[in-house]
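> sharing a model prediction with you, sequence too.
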Amino acid sequence: MKTVLITGVDRGIGKALVLKFLDAGYFVIGTSLNDNIDYSHENLKVFTMNLESEESISACVENIKNLDTKIDILINNAGIMADGEETTVIIDKLRKNLEVNLIGTIDFTEKVLFEVNQGGHIINISSSAGSLSNTGVSSHKPGYYPGYKISKAALNMYTRTLALRLKDKIIVSSVHPGWVKTDMGGDNAIITPEQAAQDIYDFAITKPETGQFWFEGEKFDW
Ligand SMILES: NC(=O)c1ccc[n+]([C@@H]2O[C@H](COP(=O)([O-])OP(=O)(O)OC[C@H]3O[C@@H](n4cnc5c(N)ncnc54)[C@H](OP(=O)(O)O)[C@@H]3O)[C@@H](O)[C@H]2O)c1
């Protein structure tokens, strides 16, 4: 049985991903900020983890190691958009975006890396909002949520650098999930979390070129 590790599984895209992978016969390890998962499955194990806390990340990784299960796919899904319809960089909000979307995500990945199988796939859920060449595109409310955009652009660079390091061992990808109807995406978003999860699943089980940015299985501009 293959194993997938997914962060941020209590709602949104993360929850839909868990249900998709369970349906496909995977053993799923999930992480949740709060201990409030409203679903369960015999092939699902969820541990709490706050990506803003080094201590919490280390404790979660210990729990994962104790399962004695190697990981085939890691999906760094958990994320926040701490800033909103503001165009100025508010330092506290920038710091929060970076703590969760970048530093915590990197810390977790580095600590859990030795549990990932050779031939495995690490997916960082990024955003078209983090694409430098898309900056100013109208669908991204030009100028809005700069802290979020900065955090996802930096996460993309982590994808690039980690892919170089893990060349010929583990594939590393950044993925834009689309504009998804979740608490973050809002009601006007275009696709459901289930559709996004299906697209991410279809991509995750392939062996794409490492170190690239993807959307719906196609390369996306950095
Ligand atoms: N929705 C979109 O249109 C869209 C577009 C582009 C990219 N994305 C990206 O897709 C990913 C999932 O987004 P979503 O729309 O599903 O968002 P969401 O519904 O807001 O869910 C975010 C998830 O991240 C978790 N999380 C938040 N802060 C955390 C922390 N400090 N430590 C650990 N986990 C934390 C949340 O846990 P709690 O529920 O406990 O707070 C929740 O499970 C994110 O990386 C997001 O940036 C989304």
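Thanks, I have it. Numbering: from 1, shown residues only.
> switch to C-alpha atoms for all contacts and neighbour counts from now on
Will do.
> element containing residue 69?
According to DSSP states H and E, residue 69 maps onto no helix or strand at all.
> next: residue 214.
Applying DSSP H and E, one finds residue 214 within strand 212-215.
> contacts for whichever helix or strand comes after that strand?
Downstream of strand 212-215, the first helix or strand assigned by DSSP H and E is strand 218-219. Contacts with strand 218-219, where a contact means CA atoms under 8 Å, 6 or more residues apart in numbering, come from 212, 213.
> which neighbours does strand 218-219 have in its sheet, and in what orientation?
If you go by DSSP bridges, strand 218-219 pairs up with strand 212-215 (antiparallel).
> check whether the strand it pairs with contacts the ligand.
No. Under the criterion of CA under 6 Å from any ligand atom, the ligand is not reached by strand 212-215; the shortest gap measures 10.3 Å.
> got a list of contacts for that strand?
For strand 212-215, contacts defined as CA under 8 Å, 6+ apart pick out 156, 159-160, 172-178, 219-222.
> just the buried residues of those.
Buried members of the contacts of strand 212-215, scored by 16 or more other CA atoms under 10 Å, are 156, 159, 160, 172, 173, 174, 175, 176, 177, 178, 220, 222.
> strands - which of these land there?
Mapping the buried ones among the contacts of strand 212-215 onto strands (DSSP state E) picks out 172, 173, 174, 175.
> only the buried residues of whatever helix or strand residue 195 lives in, if you could.
Following DSSP H and E, one finds residue 195 within helix 193-204. If you call a residue buried by 16+ other CA under 10 Å, then helix 193-204 has these buried ones: 193, 194, 195, 196, 197, 198, 199, 200, 201, 203, 204.
> tell me which stretches of the chain form strands.
Assigned by DSSP E, the chain shows strands spanning 3-7, 27-32, 44-48, 71-76, 116-125, 171-175, 212-215, 218-219.
> CA atoms only for the fourth one - export them in PDB, please.
Once non-C-alpha atoms are left out, strand 71-76 reads as follows in PDB (Å, rounded to 0.1, in the frame of the first residue of the first chain):
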ATOM      1  CA  ILE A  71       6.300   8.100   2.300                       C
ATOM      2  CA  ASP A  72       5.700   8.000  -1.400                       C
ATOM      3  CA  ILE A  73       4.100  11.400  -1.800                       C
ATOM      4  CA  LEU A  74       4.300  14.500   0.400                       C
ATOM      5  CA  ILE A  75       1.900  17.300  -0.300                       C
ATOM      6  CA  ASN A  76       2.600  20.500   1.500                       C
END
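> what's the distance between residue 176 and the ligand?
Relative to the ligand, residue 176 is positioned 6 Å away (CA to the nearest ligand atom, to the nearest Å).
> just residue 18 next, same as before
Taking CA to the nearest ligand atom, one finds residue 18 at 11 Å from the ligand.
> kindly report the same for residue 93.
Relative to the ligand, residue 93 is positioned 13 Å away (CA to the nearest ligand atom).
> check residue 77 too.
5 Å.
> tabulate the strands of the chain (JSON lines), appending mean pLDDT.
Converted to JSON lines, the strands of the chain look like this (pLDDT from 0 to 100):
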{"stretch": "strand 3-7", "mean pLDDT": "98"}
{"stretch": "strand 27-32", "mean pLDDT": "98"}
{"stretch": "strand 44-48", "mean pLDDT": "98"}
{"stretch": "strand 71-76", "mean pLDDT": "98"}
{"stretch": "strand 116-125", "mean pLDDT": "98"}
{"stretch": "strand 171-175", "mean pLDDT": "98"}
{"stretch": "strand 212-215", "mean pLDDT": "98"}
{"stretch": "strand 218-219", "mean pLDDT": "96"}
